[in-house]
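1. One predicted model, sequence on top.
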Amino acid sequence: MRRLMLLRHAKTETDAPSGRDQDRRLDDRGRKDAAEIGDWIATHSPFPETVLVSHAVRARQTWDMAWETMKDRVPAPEVEILPELYGADPAQILETIRTATAPSDPRQLLLVAHNPGMHEAALMLMGGGDQAAAKALADNLPTTGLAIFDFDVMDWGDVAYRRGKLVLFVSPKLLRSG
């Protein structure tokens, strides 16, 4: 069994001072939401053993803020910053899942990246699971949205579209609404 967690970066400023999309930073709500989702992850095992993060500033800040709230409560995961996750489409995301996990072979993997690729990948990976979560995820993977999938496979190389069981979909907005 393998667990995949797809986390979209938190809310960001509209424009970076540099003018480069990759340099956009989290805004105040984004920092709060990233900390909130980190707190949620820390209280809901199993915890990610490996975290793959886009090199964009907002993705790295999302992980950093989430980890800050988690670090005293969960084992430290292996973290890798991957430029290929910036702007990745579903096929690139699937390839990253299959190949970037090879050396450490974690049971639980967290990706922190961007839409539209993350939302599209989540929809394509889903082969069943929680119907309420699927309905909530159908239209969008919002900022700081976390989709959790289980795959009944022994190796990440066997993860495929329509093979994932959607276990849960959560976001700070959903957490606040109860």
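-> Alright, I've got the coordinates.
2. so what's S45 up against?
-> V74 (Cβ atoms under 8 Å, 6 or more residues apart in numbering). In short, each C-beta sits where N, CA and C put it, glycine included.
3. Would you mind naming the helix or strand containing it?
-> Here S45, judged by DSSP states H and E, is contained in no helix and no strand.
4. Now do the same for it: its pLDDT.
-> Looking at S45, its pLDDT is 93.
5. cool, T99 as well?
-> Reported pLDDT for T99: 89.
6. I'd like to know how far M5 sits from R24.
-> Remark: distance between M5 and R24 (Cβ to Cβ, to the nearest Å) = 23 Å.
7. How about the contacts made by L4?
-> By Cβ under 8 Å, 6+ apart, the neighbours of L4 are I97, L109, L111, L125, I148, F149, D150, F151, V159, G164.
8. Any chance of a markdown table for the residues you listed, columns neighbour count and distance to R73?
-> Below are the contacts of L4 laid out as a markdown table (neighbours: other Cβ atoms under 10 Å; distance: Cβ to Cβ, whole Å):
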| residue | neighbour count | distance to R73 |
| --- | --- | --- |
| I97 | 22 | 26 |
| L109 | 26 | 19 |
| L111 | 26 | 21 |
| L125 | 24 | 28 |
| I148 | 25 | 18 |
| F149 | 24 | 23 |
| D150 | 17 | 22 |
| F151 | 20 | 26 |
| V159 | 19 | 28 |
| G164 | 27 | 27 |
